[in-house]
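[1] curious how this folds, go ahead:
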Amino acid sequence: MSEHFGTLSDGTAVHRWTLERAGVRVRVLSYGGIVQSVEVPDRRGRTADVVLGFARLEDYLTRPEPFLGALVGRYANRIAHARFALDGVTYPLAPNNAPNSLHGGERGFDKRVWEVEPVEHGLRLSRVSPDGEEGFPGRLEVSATYTLEASGALRIAYEAVTDAPTVVNLTNHSYFNLAGSGNAGGHELRLAASRYTPVDADLIPTGVAEVAGSRFDFRTARGIGSGYDHNFVLDKGVTDTPVEVAELYDPASGRVLTVATTEPGVQLYTGDHLGEPFAPGDGVALETQHFPDSPNRPEFPATVLRPGEVYRSETVYGFSAR
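    Have a look, this model is predicted:
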């Protein structure tokens with residue numbers, strides 16, 4: 001089911017689509033592929049929206065920085081000094097997170113209107129990113145399929161092909177608050193990651209370190225708190241099918257979020273700089289991804305996509321209560 005959600009200044013219409021299955025209701029916007037809301041029941045059957053979102057299109061347009069619920073690309077997370085080299089050619093990017101490039105640049109995938117096609121129990125969003133868009137080489141044909149499974153889990157499957165060598169790293173940027181309101185710092189997180197990537201003052205990885213004995217050790221579930229904007233190196237590495245890597249639990253409501261992915265990393269961001277109308281810590285982002293600055297770090301899992309190859313990535317968000 002779709003409905004008109006608003007109109008951009010150039011006259012382009014934005015629509016909102018609603019998916020419902022197994023007691024879960026998800027609303028998705030054609031603008032930015034944004035997951036606007038996810039309504040799920042608690043242990044007593046009471047339903048609440050567990051992701052941060054805005055009620056009006058105007059708010060997404062004027063407050064883009066938190067990337068609420070957005071499909072981000074071409075390159076999720078940061079690329080150091082807003083440039084990378086590929087096959088001997090250096091490509092400058094927009095330093096929209098000075099001095100780095102963040103989430104695809106000034107006008108990344110989160111600020112584009114996507115074509116939307118209904119599929120069984122879901123939606124297929126697609127667009128063509130032209131060669132040179134935001135500085136990235138190659139014409140990229142990309143799609144993201146949002147599906148509600150029989151269990152009520154939300155599966156997002158990404159695919160992309162290119163006509164020239166490029167880099168690709170796509171994710172969803174939803175902020176979860178399983179209580180439905182208030183501060184999410186009391187949520188308990190379990191994360192199957194024995195290592196993480198420490199960062200410098202500009203949040204660029206400086207290497208890989210063990211989590212043991214540090215505040216980054218979430219191998220056993222514990223309260224999150226605040227002060228995280230870090231990539232965790234998943235023990236499973238890159239996989240062909242999604243493997244469960246994270247569980248987020250709200251003791252007050254009993255709601256549980258599980259995250260399964262094919263990706264090798266998860267960025268944990270505790271929403272310390274969300275901006276109005278939100279308070280710090282109102283939501284927790286678990287961004288499945290390849291690592292930040294991988295195009296400049298050959299020791300990290302590769303993000304290069306070449307003609308004839310197909311980029312594939314899947315993440316499944318499961319919802320339950322206990």
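[2] show me what the longest strand along the chain is packed up against.
    Criterion DSSP state E: the longest strand present in the chain is strand 311-321. Applying 3 or more Cβ pairs under 8 Å, 6 or more residues apart in numbering; DSSP states H and E, one finds that strand 311-321 contacts strand 35-41, strand 154-162, strand 255-261. In this view, the C-beta of every residue, glycine as well, is placed from N, C-alpha and C.
[3] tell me which residues of it are tucked away?
    Of all the residues in strand 311-321, those buried under the rule 16 or more other Cβ atoms under 10 Å are 311, 313, 314, 315, 316, 317, 318, 319, 320, 321.
[4] and which of those is nearest to residue 50?
    Top of the list for closeness to residue 50, among these and by Cβ to Cβ, is residue 319 at 7.6 Å.
[5] that closest one and residue 40 touch, don't they?
    Yes. Here residue 319 lies in contact with residue 40, judged by Cβ atoms under 8 Å, at a distance of 4.4 Å.
[6] which residues are in contact with both of the two?
    Counting by Cβ atoms under 8 Å, 6 or more residues apart in numbering, the residues touching both residue 319 and residue 40 are 24, 50, 152, 255.
[7] dump these to CSV, plus neighbour count and distance to residue 14.
    Listed next are the shared contacts of residue 319 and residue 40 as CSV, based on neighbours: other Cβ atoms under 10 Å; distance: Cβ to Cβ, whole Å:
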residue, neighbour count, distance to residue 14
24, 22, 23
50, 28, 23
152, 20, 26
255, 25, 29
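[8] which one of those is nearest residue 283?
    residue 50 (9.2 Å).
[9] phi, psi of that closest one?
    Geometry field for residue 50 lists phi and psi as phi -110, psi 10, criterion degrees, to the nearest 10.
[10] so what's it up against?
    Residue 50 sits in contact with 38, 39, 40, 176, 177, 178, 180, 255, 257, 319, where contact means Cβ under 8 Å, 6+ apart.
[11] can you tell me how far the last one sits from residue 209?
    Read it as residue 319. Here residue 319 is placed at a distance of 32 Å from residue 209 (Cβ to Cβ, to the nearest Å).
[12] which one is the residue most central in space within the chain nearest to, not counting chain neighbours?
    Centrality entry for the chain: nearest residue to the mean C-alpha point is residue 172, 2.4 Å, by Cα atoms, centre = their mean. Among residues not flanking residue 172 along the chain, residue 156 sits closest, at 5.7 Å (Cβ to Cβ, 6 or more residues apart in numbering).
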